[in-house]
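S.K.: build me a structure from this.
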Amino acid sequence: MRRPLIGVSAYVEPVDWAVWRGVRAVLVPAAYVRAVTAAGGRAVVLPPDDCDADVLAVLDGLLLAGGADVGPVRYGQQPHPRTEDRPDRDAGELTLLTAALAAHLPVLGVCRGMQLLAVAYGGTLHQHLPDVLGSEAHRPAPGVYGTHPVRFAPGSLAARTMAGAEQVNSYHHQAVATPGRLAVTGWAGDGVIEAVEDPGRPFVLGVQWHPENEPDPRPITALVRAAGPSGPSVGDRDEGVRATGSTAV
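M.R.: Numbers count the residues shown, from 1 in each chain. Alright, predicted model coming up:
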C-alpha cells in the first residue's frame, strides 16, 4: 500500500546558494516535508500554477503552507502599508483549494494557509495585528517564534486533534477577522482566532500556528491520516477536478 500523497503549496522567492545570488526559486521549508514523512505520507511540492488543478487527481490531501500575506483584493480591502502579498500564490492556491473542496479531499491550512482558507469561504483578515492588539505579541522578533496559550471549542476537529495542548507557537502579523462560512474553533488568550474548520466536511482545518515547527505536529499527522485509505477514491477526486476546472474561489 503506497503512502498518502500530500500536496504542499510552495513559495517562489529570490534565494542565495553556492555562487548564486537572488535566483527566483520554488521552495518550501523542509520542516513541512519532514512532518508529512514522519506521519507516514509523501510530500509533493506544488509551485504556484493557476492553469488547472489536474494534479489533485493523483493527490490524497492538500496542505496550504505559510508564507507571505494573502492579497487584500481577495477580500475586498485596500492594502495596508505593511501588507506584502504574492498574487501568484493566491491564484494558484485558490485554484487548488476550490478543486480540493469539490473533490472532498482533506485540507489543512497553516498560518497563511488558514487565512487563505477563511478568505476562500468568504471571510476577511486583519491586515496588521499590532493595529488591533497594540503589540507585536504574535511576531515577537524577526525570525523568532513566540508562544501563547490556546483553547479549543469542545468537540471540534481542532479540539480532537490537539487534545491536551495548552500552548502553540506564533509568528504572524495578520489574522482572521471574520471566518466566512467556516466555524471558529480555536482562540489565543488575547482572542486572536487560532483555528477554523468546516464542520460539514470530514477534514477541512486551518491553524494559525506552525505545527511543522512544533514538537507536536498533530494537525499534519491528522491530515495524513485523513488522506489515507479511508479517504476519497480516485474517481471522486477526478470528478471534483473535472467539475471545478481552473476556476478559483
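
S.K.: Pro130 and His80, how far apart?
M.R.: Pro130 sits 11 Å away from His80, going by Cβ to Cβ, to the nearest Å. The C-beta positions use only the backbone N, C-alpha and C, and glycine is treated the same way.

S.K.: right, I mislabeled it, should have said Asp190
M.R.: Between Asp190 and His80 the computed distance is 20 Å (Cβ to Cβ).

S.K.: over to Gly122?
M.R.: The gap separating Gly122 from His80 is 20 Å, by Cβ to Cβ.

S.K.: more neighbours: the two, which one.
M.R.: Neighbours were counted for Gly122 and for His80 using other Cβ atoms under 10 Å; His80 has more, 16 against 13.

S.K.: and that one, what is it in contact with?
M.R.: Shown in contact with His80 (Cβ atoms under 8 Å, 6 or more residues apart in numbering): Pro72, Gln127, His128, Asp131.

S.K.: one more time with 6 Å, if that's ok
M.R.: Counting by Cβ atoms under 6 Å, 6 or more residues apart in numbering, His80 makes contact with Gln127, His128.

S.K.: quick one: it is in a strand?
M.R.: No - under DSSP: H, G, I helix; E, B strand; the rest coil, His80 falls outside any strand and is assigned coil.

S.K.: tell me where the chain has strands.
M.R.: 5-9, 11-17, 20-27, 42-46, 61-64, 107-110, 124-126, 146-152, 167-170, 175-178, 183-188, 193-197, 204-207 (DSSP state E).

S.K.: quick one: strands adjacent to the longest one?
M.R.: So that's strand 20-27. Taking DSSP bridges as the criterion, strand 20-27 forms sheet pairs with strand 11-17 (antiparallel).

S.K.: the strand it pairs with: which residues count as buried?
M.R.: Judged by neighbour count using 16 or more other Cβ atoms under 10 Å, the buried positions of strand 11-17 are Tyr11, Val12.

S.K.: neighbouring contacts of that strand?
M.R.: Gly22, Arg24, Ala25, Val26, Leu27, Pro48, Gly67.

S.K.: measure how far it is from the centre of its chain, please.
M.R.: 20 Å (Cα atoms, centre = their mean, to the nearest Å).

S.K.: switch the strands of the chain over to a markdown table; also include distance to Pro219 and mean pLDDT.
M.R.: Output for those, formatted as a markdown table (distance: least, Cβ to Cβ, whole Å; pLDDT from 0 to 100):
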| stretch | distance to Pro219 | mean pLDDT |
| --- | --- | --- |
| strand 5-9 | 12 | 98 |
| strand 11-17 | 20 | 95 |
| strand 20-27 | 21 | 97 |
| strand 42-46 | 15 | 98 |
| strand 61-64 | 9 | 98 |
| strand 107-110 | 6 | 98 |
| strand 124-126 | 20 | 98 |
| strand 146-152 | 12 | 96 |
| strand 167-170 | 10 | 96 |
| strand 175-178 | 16 | 98 |
| strand 183-188 | 11 | 98 |
| strand 193-197 | 9 | 98 |
| strand 204-207 | 5 | 98 |
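
S.K.: please name whichever of these is nearest to Ala159.
M.R.: Ranking these by proximity to Ala159 (Cβ to Cβ) places strand 146-152 first, at 3.8 Å.

S.K.: could you give the number of residues near the residue lying closest to Ala100 once chain neighbours are set aside?
M.R.: Of all residues not flanking Ala100 in the chain, Leu62 sits nearest, at 4.6 Å (Cβ to Cβ, 6 or more residues apart in numbering). For Leu62, the neighbour count with other Cβ under 10 Å is 30.
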